[in-house]
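Q: Turn this into a structure:
(one chain, ligands or ions: 1)
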Amino acid sequence: MTSSIWLFGYGSLIWRPDFDFNSSRIAWVDGWSRRFWQGSHDHRGVPEAPGRVATLIPLIGERCGGMAFEIDAESAVRIFDQLDYREKNGYERFQAPLYFDDGNQVEGVFYVANEDNHAYLGPAPIEKIAAQIKRSHGPSGSNEEYLRNLADALRRHKIEDDHVFSIESGIIAR
Ligand code: SIN
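A: All right, here's what the predicted structure looks like:
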């Protein structure tokens, strides 16, 4: 019987896990890449002026680094209810293997906002993404704070991400 469930966070869940967990480890998902292609109407923007937040894009040969959180199976229903609400603006749960740096692997759950959801914004030039993030604000705070917290967390955990770091440089340059 499984006594714990692994949740993988690659965006705000890395730096603001507001749920109970037993342990956390850096982990990777294969075939996915992080992009600021999801619109945020409810956290880092508003419906008339959405911000941009992270989602995962399927990309063969790529891998995305983030944080895996080990959750008690008994608490999982309650925690996923809370997270479904937090991620309600277009994200759906996915299940796939998570890979750890020591070579071990577990089945994991993560939230993805795919291109069919109503809030999806899709690709844009890095300068435009940086400009949109710079000017956007929502009920959870500024979009820039989201981006900077994510970039800081990735640096702290030594996870490379050209997309995130180039948007951060684009914001600094403005
Ligand atoms: C995640 O962090 O894993 C999902 C996207 C977000 O809430 O920023």
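Q: residues in the protein within reach of the ligand, list them.
A: The chain comes close to the ligand at residues Gly9, Tyr10, Gly11, Ser12, Leu13, Val53, Ala54, Glu87, Phe110, Tyr111, as judged by Cβ under 6 Å from any ligand atom. In this view, the C-beta of every residue, glycine as well, is placed from N, C-alpha and C.
Q: Tell me which two in the residues you listed are the farthest apart.
A: Within the residues of the chain next to the ligand, Val53 and Phe110 form the most distant pair, 14.3 Å apart (Cβ to Cβ).
Q: Name the residue in the two with the higher neighbour count.
A: Between Val53 and Phe110, counted using other Cβ atoms under 10 Å, Val53 has the larger neighbour count: 30 against 26.
Q: pretty sure that one contacts Asp42?
A: No - taking Cβ atoms under 8 Å as the definition, Val53 is not a contact partner of Asp42, at 10.1 Å.
Q: wait, what's in contact with Glu62?
A: Asp30, Gly31, Trp32, Ser33 (Cβ atoms under 8 Å, 6 or more residues apart in numbering).
Q: And the helices in the protein, which stretches?
A: 12-15, 73-86, 126-135, 143-156, 162-172 (DSSP state H).
Q: Give me the below-cutoff pLDDT ranges for this structure.
A: 1-2, 174 (pLDDT under 70).
Q: Find the residue closest to Gly170 in space, skipping its chain neighbours.
A: Ala130 (3.1 Å; Cβ to Cβ, 6 or more residues apart in numbering).
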